[in-house]
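> What would the 3D arrangement of this be:
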Amino acid sequence: MIPRIYKMKYEQLGLFFFVEAQRQIVPTITISQAIDGYYRLIDEEYDYNVAIVTYSRVREQFIDLNYDKFCKGKK
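Numbers count the residues shown, from 1 in each chain. Prediction:
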């Protein structure tokens, strides 16, 4: 399971962790606002739809990793 993380680009991981941190620090922030803040921070242009898909894909993979790690075999 862990090798999946290594295949991700550091920009994808950076986006994911930035958005998750912003959502924990400021619970009222939307994912869109957090993504916009990330790209303003790194000073790059971005396609909103691609950013949403990237965030969602990485989040899904982390949920799968956590499920496999903590929930499999516990019944």
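> For the protein, which residues score under the pLDDT cut-off?
1-8, 64-75 (pLDDT under 70).
> Centre-most residue in it?
Phe16 (2.2 Å; Cα atoms, centre = their mean).
> With adjacent residues omitted, what lies nearest to that one?
Once flanking residues are discounted, Phe16 sits nearest to Val58: 4.2 Å by Cβ to Cβ, 6 or more residues apart in numbering. To be clear about C-beta, it is placed using only N, CA and C from the backbone, and glycine gets the same treatment.
> Now do the strands for the chain: every range, in order, please.
Taking DSSP state E to define them, one finds no strands in the chain.
> quick one on the thing from earlier: now do the contacts for the residue nearest to Phe16.
Neighbouring residues of Val58 by Cβ atoms under 8 Å, 6 or more residues apart in numbering: Met8, Gln12, Leu13, Leu15, Phe16.
> give me the number of residues near Tyr55?
Neighbour count for Tyr55, taken as other Cβ atoms under 10 Å: 21.
> quick one: it and Phe18 touch, right?
No: here Tyr55 lies out of contact with Phe18, judged by Cβ atoms under 8 Å, at a distance of 9.5 Å.
> Report the separation between the residue nearest to Phe16 and Ile52.
11 Å (Cβ to Cβ, to the nearest Å).
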